[in-house]
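Chemist: sequence plus predicted model, see below.
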Amino acid sequence: MWQVIGRLAATFAFVASAQAARAQDVRIGALFAMSGTQATFGELMSSGAQLAVDHANADRVLKGKLSMLVEDTQGTPQNGVIAINKLVNVESVPFVLSSYSGVAKAIAPIAARAKVVAVNGGGVGPDLAELGPYFWNVIPLANFEVRAFVPYVVKQRNLKRIALLYVDDPLGNGIRKEFEAALPGAGGELVAALSVPVATQQFAGVAARIREARPDLVYIASYGAQQVAAIKQLRDNGVTQTLASYGAFSNPEILALPEAKGALFTTQLVDTDGGDAVTKRFVADYKAKHGKAANVYTINYYNIVRVFVLLAAELQKQGKPVTGENLLAQRSATRSFDLVGAKVSFEANGTVNAPIQINEIGAGGVAKAVAVVATK
Amino acid sequence: MLLLQLLVNGLQTGALYALTAAGFSLIFGTTRVFHLAHGSAFVIAAYVFYSLAARAGAHWSLALLGAAAAAVLFGVLLDRVVYAPIRRHEGSFFTLFIASLGSAIVVQNVVGIAFGRSVVTVSTPLSRSAEVLPGVFVAPLAGVAIGCALVCFWLLQHFLGTTQRGVALRALAENAQLVRAYGLHPARLSTLAFALGSLLVVPAAALTVATSGANPAMGNHVMLISLAATIVGGVGSLRGAACAGLLLGMAENLALWRLEPQWSEAVTFVVLLGFILVRPTGFFGRAHAH
């Protein structure tokens, strides 16, 4: 009899302690393109974020377990809105990882209304800096990348006539505006600006228009499968000029394209050879888990989750609930964050400022840094 | 020269559109099944061709045979396993439409899981353009595309016009009851229509993998073009679908002469709307009394 009571008491105590631990569990949301033509990026981004979750749980940084609820947006604003509504209204998460400029612009008002922090590590549309206090970016936006890129190609590479092939969305239109603003001052000229819809995969006719403009360099402001198709078809259809883009060219599928050899692209400066413990651990564990090196998007989404973990741990230490409002206040009170590749501090508008690295794709799909440009 | 270049591009695109549109038109015209998964046959053929030619290193002719077998098998299985039971029990247009849509979504996702969501290509020097006139670049594959389309249409016309099976297929499009009265089997003829229709996408799928690359979602675009071409050409008219496919390909490319690339696809639907308003029966369609 006593044995039975003892076992019941032990079971009750175990259940009670498990419930107490679950009460401390923290959930965050993530909006990734896990299917559709942008799914390559979804896989890269989610792998980085998940590793950060695993690290946080292994280190027991937070009271309770951290988990991430991933919603598939396919990179489209419509799906992004459905997903953020679910995460905010049904799952009640205080923090959401966002990707793609179009998705970010669609979800930001909903996140702001619910006082949920949304953080972008992939979209680089310049207007992502203007989405309010609850929207943060850990990636330098395209205006920084274009402003660093234009003087480099015009003055150091003597490539003055630029043709822009851009996707007709907030990212592409933002990059066009930046080129129009930056080129005249640097001594360059925008000789063609051709917009394509997000789903376009045919570029033979576009190649003819580009050839007619006789540019020195063709800048492709797009992403995912579309960029792969554009590079191959431009080369197949007689466009021999230097190709260039922003960080989206760090996509492993693009690096592997023989047609991409010689292309230039910008990324934020990330020092993965750095000696700090955070970077070393990330590089080693990512390689061990996935059998390949991480790219800049993987690092950015690891860093976003790490920012959340650092802020939430501090809030828990202070006995405050992990809410969007408290996370925002805590970020303002935190001077800098030790992240993978760099120590980062946020500007008042929720953006980060980092030096820009210009990379060139060489033989065998290996990208090498050819210049580093400080941005203001 | 830009106009001439766009004309050449339009001919190449139009030849491929004509083949896929003719396949859809053949299936829809004879069976009245709104075969939304026609784009999936294109995707399957493209990925089998890619697997054999690029991954397994098979000769292109073997890869093409494999792609043809896969596309035909898909079309026939879909007809026998999915559409036939629906037709037997209920046969409503809407149920068949949803079954087809569901099949297309399944194929898109299975291909995405198996091969990834990005673009796959088969590298060939034939996709590289050479400057044949100042400012005009043509790839050998453009000639292959146009040649393929001509040969396929000649063979199809010959089959439908001179063989017993072909005549029976045409009869099925006119009156299924009458076909049954003559001792023929509409179900078997329907399977033949699916096999032929699916086979027609194979050259276009293989050429697309080599020129612009394939991705799992490309079936949607193929389907959209096939549908527009079927309406513009006149429902049930193979000749009409082929001409309309060519017209849409040309219009899409020639639009680039004066318009931004983002409007070129819209031109397809302006042409479609124009036909619906001015000539609802299409190029060669006939008005039906109800």
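Modeler: Yep, that arrived. Residues are numbered from 1 along each chain as shown, chains lettered A, B, ... in the order given.
Chemist: only C-alpha atoms for contact and neighbour calcs from this point on.
Modeler: Fine.
Chemist: in which helix or strand does the closest residue to residue A:62 other than its chain neighbours reside?
Modeler: The shortest distance from residue A:62 to any residue other than its chain neighbours is 5.4 Å, reached at residue A:313 (Cα to Cα, 6 or more residues apart in numbering or on different chains). According to DSSP states H and E, residue A:313 maps onto helix A:296-317.
Chemist: element containing the nearest residue to residue B:122 once chain neighbours are set aside?
Modeler: Nearest residue to residue B:122 in three dimensions, chain neighbours excluded: residue B:210, at 4.9 Å (Cα to Cα, 6+ apart). Here residue B:210, judged by DSSP H and E, is contained in helix B:186-211.
Chemist: what helices and strands are in contact with that helix?
Modeler: helix B:2-31, helix B:38-50, helix B:60-77, helix B:140-162, helix B:164-174, helix B:176-181 (3 or more Cα pairs under 8 Å, 6 or more residues apart in numbering or on different chains; DSSP states H and E).
Chemist: for residue 96, give me its contacts.
Modeler: The chain I'm using is chain A. If you count contacts by Cα atoms under 8 Å, 6 or more residues apart in numbering or on different chains, residue A:96 has them with A:28-31, A:116-119.
Chemist: not quite, I wanted chain B
Modeler: If a contact means Cα under 8 Å, 6+ apart, then residue B:96 has B:33-34, B:83, B:86-87 as its contacts.
Chemist: for residue A:301, same thing?
Modeler: Residue A:301 makes contact with A:45-46, A:48-49, A:97, A:121, according to Cα under 8 Å, 6+ apart.
Chemist: also residue A:316?
Modeler: Under the criterion of Cα under 8 Å, 6+ apart, the contact list for residue A:316 reads A:62-63, A:322.
Chemist: what residues of the strand or helix carrying residue A:42 count as buried?
Modeler: When elements are defined using DSSP H and E, residue A:42 is found to belong to helix A:39-59. Going by neighbour count (16 or more other Cα atoms under 10 Å in any protein chain shown), the buried part of helix A:39-59 is A:39-42, A:44-53, A:55-57.
Chemist: the next helix or strand after it near chain B anywhere?
Modeler: Note on helix A:39-59: by DSSP H and E, the next helix or strand toward the C-terminus is strand A:66-72. No: using Cα under 8 Å from any Cα of the partner chain, strand A:66-72 never reaches chain B; the gap is at least 13.4 Å.
Chemist: name the strands paired with strand A:66-72 and say parallel or antiparallel.
Modeler: Strands flanking strand A:66-72 in the sheet, each with its direction: strand A:26-32 (parallel) (DSSP bridges).
Chemist: what residue in the stretch 151-290 of chain B comes nearest to chain A?
Modeler: Using Cα to the nearest Cα, the point where the stretch 151-290 of chain B gets nearest to chain A is residue B:262, with a distance of 4.1 Å.
Chemist: need the nearest residue in space to that residue, chain neighbours excluded.
Modeler: Leaving aside its sequence neighbours, residue B:262 is closest to residue A:196 (4.1 Å, by Cα to Cα, 6+ apart).
Chemist: residue contacts, the one you found?
Modeler: Remark: with contacts taken as Cα under 8 Å, 6+ apart, residue A:196 is in contact with A:165-168, B:260-263.
Chemist: now do the same for residue A:338: helix, strand or coil?
Modeler: Using DSSP: H, G, I helix; E, B strand; the rest coil as the criterion, the local structure at residue A:338 reads strand.
Chemist: identify the bridge partners of it.
Modeler: residue A:343.
Chemist: how much space between it and chain B?
Modeler: 34 Å (Cα to the nearest Cα, to the nearest Å).
Chemist: next one: stretch A:191-199 to chain centre, how far?
Modeler: Relative to the mean C-alpha coordinate of its chain, stretch A:191-199 is positioned 23 Å out (Cα atoms, centre = their mean, to the nearest Å).
Chemist: so what's the residue nearest to residue B:122 scoring on pLDDT?
Modeler: With respect to pLDDT, residue B:210 scores 93.
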